[in-house]
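S.K.: The following block contains a protein sequence and its predicted model.
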Amino acid sequence: MFPSPFFHLAAVSPTRQRTFRCLVAAHIAIIGVVIGAMLLSRTLKNPMMLGNVLLVAGIVEGALLIGWRLTQLPKSQALEFLLVSPLRPPVVFFGEALVGLTRLALVTLAGLPLLILLLTQGALFSGDLPALLFLPFIWGAVTGLGLTAWAFEPPVVRRWGERLVIAGVIFYLLVGVLAGENLPRWLGVLPPGFSQWFLDTFRAFHEYNPFGVMKFAMEQLPPWTGPRVLWVSNLGLLLCVGLLARGAWRLQGHFQEEHYRPILLKDTRQRPDVGDHPLTWWAVKRVTKFSGRINLWLAGGFALMYATYTVLQDVWPAWLGKQVFVVFDDMGGIPSLTTALVLLAAVPAAFQYGVWDSNTPDRCRRLELLLLTNLDGAAYWHASAGAAWNRGRGYFAIAVALWGAGLLAGQMTCTQVVAGAASGVILWGLYFALGFWAFARGMQASLLGLGLTLGLPLATFLLARTDLTFLTGLTPPGSVYLPTHAALAQGWMFGPILAAATALLVARWSLTRCEGQLRRWYDLNHGAKGLE
């Protein structure tokens, strides 16, 4: 009886069990790290950082538990049997979505004991718990369902939707960053009625988003924050209902487009040459289907404005806003931003988007063809590197531009810039080597990727807050941050040298054993009964 078969499948699937357990452990560990950082920095009475981290964690968990599962579902042709069964496509979609929502709720509730501990210590009010639990869950669900609905849309809708969102990003950057606190002054040239309406609308958008509401909830007493938290929660629930309906409506159409729609070039563009590396050509095309240009435009647009402000800070016009830039200066400035951008560039390297398959049957079918060719470990390495660099190079280019701005502004020396950039290259190489090692062994890259891109930066942040400079520099994120944050201290090279040596050893091991490991994994998993 619906939806028990969907829950039964999720409960007995080894892969989904492992992912769920890992996310629960990661959720508890993240809360523990944040509480430790608050204790060390003596900010336990100011839980704003905890609220922001929980909201970010909820968004990431929603994308993994709901978005990843639902977007991969139509890629399997086994879904065709369900689509022609008495279970209609919307019922299949609702069943899988309900499982994902339940698992997200359980992961969110896993942190409740630690929140209750903070409550007993007087660091939280009982009225803070709804904001700390409901907002991450609801907006994590919105993220997962939103990614699914976006992936299910026809290509023409995605293309025009992306253009509209990029235009909105540019508009928001111009109004929210360049105008900033001087927005009323900018609007003074407009008619009074329209000016006041625009100002109220923009202020409401700025304050009534999930992060703005979380900040308000953590800074004010619960009786004042309840209506705003309730309003944003209801908005998220309405979005969830709409996205659920759209995803259910588009499931069958997206499945048919995915497997039966002919791929044609409808313009006069010349097809790119495959070249001497066909696997690389395929992997790069695979990752460019969802290229993430919106995030790149957002990061690049703000970084360009921040770099301009950094260079021209002394002559910055009074009619331009600068409060946002001051906030980022207080958060660490260019060293922090460049470290975050390098980590974003390394995300595709750690997760191996180009050659990884979402489940064991799909990977077996792909390897069944690839292992019949004369491809060796170097070919797989080249394909993985090409796909990862294609997805991450934009963020690294933005980081280089910020380092250049810091050099021109006199905030860092040429030696510091070279040291930070070199450490960034080493970090990317280490993350790629570890991700490729996981790929060759047939391990799921999700846990390793989360540890490298979220867990390790959090540990680095905790070490930096405790002033353990040497240990901070030994971590890959710390080796990127420290050289540009302060003058180069003796022994700063230990971290980059350790990371480079690890990357070389792992890369050599993976290259020499890649093909044999893939064949061994295929022999163990091909034809085996498994539940994904």
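M.R.: Now that the structure is in, tell me what you want to look at. Residues are numbered from 1 along each chain as shown.
S.K.: Could you list the buried residues of stretch 286-296?
M.R.: R286, V287, G292, L296 (16 or more other CB atoms under 10 Å). C-beta here means a position set from N, CA and C on the backbone, and glycine is covered the same way.
S.K.: Which residue in these has the weakest pLDDT?
M.R.: Lowest pLDDT among the buried residues of stretch 286-296: G292, with 72.
S.K.: Let me see the ranges of the helices in the stretch 101-250 of the chain.
M.R.: Secondary structure of the stretch 101-250 of the chain (DSSP state H, counting those that start in this stretch): helices at 112-120, 129-152, 155-172, 183-187, 192-207, 210-219, 222-260.
S.K.: okay, the buried residues of stretch 286-296 in JSON lines with distance to T108 and secondary structure next?
M.R.: Converted to JSON lines, these look like this (distance: CB to CB, whole Å; DSSP: H, G, I helix; E, B strand; the rest coil):
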{"residue": "R286", "distance to T108": "32", "secondary structure": "helix"}
{"residue": "V287", "distance to T108": "30", "secondary structure": "helix"}
{"residue": "G292", "distance to T108": "26", "secondary structure": "coil"}
{"residue": "L296", "distance to T108": "30", "secondary structure": "helix"}
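S.K.: shaky segments in the stretch 401-532 of the chain?
M.R.: Confidence mapping of the stretch 401-532 of the chain against pLDDT under 70 gives the ranges 444-445, 489-490, 527-532.
S.K.: The helices of the stretch 101-250 of the chain: which one's closest to G404?
M.R.: Nearest to G404 among those is helix 155-172 (22.5 Å), distances taken as CB to CB.
S.K.: Kindly calculate the angle that that closest one makes with helix 129-152.
M.R.: 130 degrees (axes from the mean of the first three to the mean of the last three CA atoms, to 10 degrees).
S.K.: Any buried residues in helix 155-172, and which?
M.R.: Neighbour-count burial for helix 155-172 [16+ other CB under 10 Å]: E162, I166, V169, Y172.
S.K.: re earlier: let me know the closest of the buried residues of stretch 286-296 to E181.
M.R.: Checking the buried residues of stretch 286-296 one by one against E181 (CB to CB), the nearest turns out to be L296, at 27.2 Å.
S.K.: and the closest one, what is it in contact with?
M.R.: L296 makes contact with G394, Y395, according to CB atoms under 8 Å, 6 or more residues apart in numbering.
S.K.: From the contact counts, what lies against whichever strand or helix holds G32?
M.R.: Per DSSP states H and E: G32 is located in helix 14-40. On a contact count with 3 or more CB pairs under 8 Å, 6 or more residues apart in numbering; DSSP states H and E, helix 14-40 meets helix 48-62, helix 89-109, helix 112-120, helix 445-450, helix 456-465.
S.K.: Can you mark which positions in the helix or strand in which I426 is found are buried?
M.R.: Under the criterion of DSSP H and E, I426 resides in helix 414-441. Going by neighbour count (16+ other CB under 10 Å), the buried part of helix 414-441 is 416-417, 419-440.
S.K.: Next, the angle helix 456-465 makes with it.
M.R.: 140 degrees.
S.K.: how's the chain carved up into domains?
M.R.: 1-167+180-260, 299-532 (automatic domain parsing).
S.K.: Next, give me the two most distant ones among the buried residues of helix 155-172.
M.R.: The span of the buried residues of helix 155-172, defined through CB to CB, is set by E162 and Y172 at 15.5 Å.
S.K.: Relative to I28, how far out is the nearest residue in space to F20 that is not next to it in sequence?
M.R.: Nearest residue to F20 in three dimensions, chain neighbours excluded: R103, at 5.8 Å (CB to CB, 6 or more residues apart in numbering). Distance check for R103 against I28: by CB to CB, to the nearest Å, it reads 15 Å.
S.K.: How about M305?
M.R.: From M305 to I28 the distance is 38 Å (CB to CB).
S.K.: neighbour-wise, which of these two wins?
M.R.: Between M305 and I28, M305 has the larger neighbour count (other CB atoms under 10 Å), namely 18 against 15.
S.K.: Surely the more buried one touches L178?
M.R.: Yes - look at M305 against L178 with CB atoms under 8 Å: they come within range, at 6.6 Å.
S.K.: circling back: which of the helices and strands packed on helix 14-40 sits closest to V156?
M.R.: helix 89-109 (21.4 Å).
S.K.: That closest one vs helix 129-152, what angle?
M.R.: 140 degrees.
S.K.: next one: helix 89-109 to chain centre, how far?
M.R.: Chain-centre distance of helix 89-109: 21 Å, with CA atoms, centre = their mean, to the nearest Å.
S.K.: Then stretch 300-315?
M.R.: The mean C-alpha position of stretch 300-315 is separated from the chain mean by 25 Å, CA atoms, centre = their mean.
S.K.: what does stretch 117-126 give?
M.R.: Here stretch 117-126 is found 30 Å from its chain centre; the criterion is CA atoms, centre = their mean.
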